[in-house]
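Chemist: Please work out how this folds:
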Amino acid sequence: MPFCEKCGKEIKDGDRFCTRCGAEVKSLPMTSVNEKPTDIKSDKKSKKKLVVIISAASAVAVVLAVCAIVFVPKMFRNNENEQYKPLQTIEITTQQETTQQSSTIIQNTTEPESIDDGSSDADDDYILPDSGIRKLTNSDLAGLDADKLELARNEIYARAGRRFNTDYIQDYFDDKWWYVGTIEPEDFTEDMLNDVEKYNVNFIRNYEKKYVE
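Modeler: Prediction:
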């Protein structure tokens, strides 16, 4: 806002004479008035840009420092491990060769003994040992009579813990070491079997109808 050069009173925009002393108001050049705000704005923008650049540079420096702290020690460790690998490989190879030579000497001087881990006996206790993990085929059931087929089908239920109303079936599974009958027949549902077991139950039942009945 301009002021009167003679009395110092504030001059309103558009007034040509001072309202106090009547002196003529000289118009100020527009360029000089507008230059200062422009300069101030440009200074502020320059400062903001400088702050942004400094912040970005600081962030990059922090990221590089963190990467150096994290990855450089790992690189040194990997190099150290690679240096020791050849020595470890030589030692392991030497031990394996020594072990192989020792086993060859033992095989030449002693007769091998058969090792029984009991797995064959465990499988023998089932009619169809893997009827709960793979789908059966006709070749799996070939050679089984009607009684064996009935027991093989119920073996799937017995493995799931089902009990039986038929005495001879219940007695048969009670004699098996793996059988733990805890679910009464009326409480048992097909949903307690997995998809493979459901398939095999139906497969054996259809086989019985086709080849036995």
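
Chemist: from here on, contacts and neighbour counts on C-alpha atoms
Modeler: OK.

Chemist: Helix, strand or coil: sort out Pro129 for me.
Modeler: Using DSSP: H, G, I helix; E, B strand; the rest coil, the structure places Pro129 in coil.

Chemist: Tell me, how many residues neighbour it?
Modeler: Neighbour count of Pro129, defined by other C-alpha atoms under 10 Å: 15.

Chemist: and the gap between it and Gly8?
Modeler: To Gly8, Pro129 is 114 Å away according to C-alpha to C-alpha, to the nearest Å.

Chemist: Repeat that for Asp175.
Modeler: 122 Å.

Chemist: just Lys135 next, same as before
Modeler: Taking C-alpha to C-alpha, one finds Lys135 at 108 Å from Gly8.

Chemist: name the element Tyr157 belongs to?
Modeler: Per DSSP states H and E: Tyr157 is located in helix 146-159.

Chemist: So for the helix or strand just after that helix, mean pLDDT?
Modeler: Toward the C-terminus, helix 146-159 is succeeded by helix 167-174 as the next helix or strand (DSSP H and E). The average pLDDT within helix 167-174 is 97.

Chemist: Give me the buried positions along helix 167-174.
Modeler: 169-170, 173 (16 or more other C-alpha atoms under 10 Å).

Chemist: residues making contact with it?
Modeler: 151, 155, 158, 163-164, 179-180 (C-alpha atoms under 8 Å, 6 or more residues apart in numbering).

Chemist: so which pair among the residues you listed is furthest apart in space?
Modeler: Leu151 and Val180 (16.0 Å; C-alpha to C-alpha).

Chemist: one step back: adding distance to Thr19, write the buried residues of helix 167-174 out as TSV.
Modeler: Supplementary listing: the buried residues of helix 167-174 in TSV, determined by distance: C-alpha to C-alpha, whole Å:
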residue	distance to Thr19
Ile169	124
Gln170	123
Phe173	122
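
Chemist: Give the buried subset of the contacts of helix 167-174 as a ChimeraX selection command.
Modeler: Applying 16+ other C-alpha under 10 Å to those leaves a buried subset, and the ChimeraX line that selects it is:
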select :151,155,158,163,164,179
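
Chemist: any idea which of the contacts of helix 167-174 is closest to Glu197?
Modeler: Looking across these and measuring by C-alpha to C-alpha, the closest to Glu197 is Glu155, at 10.2 Å.
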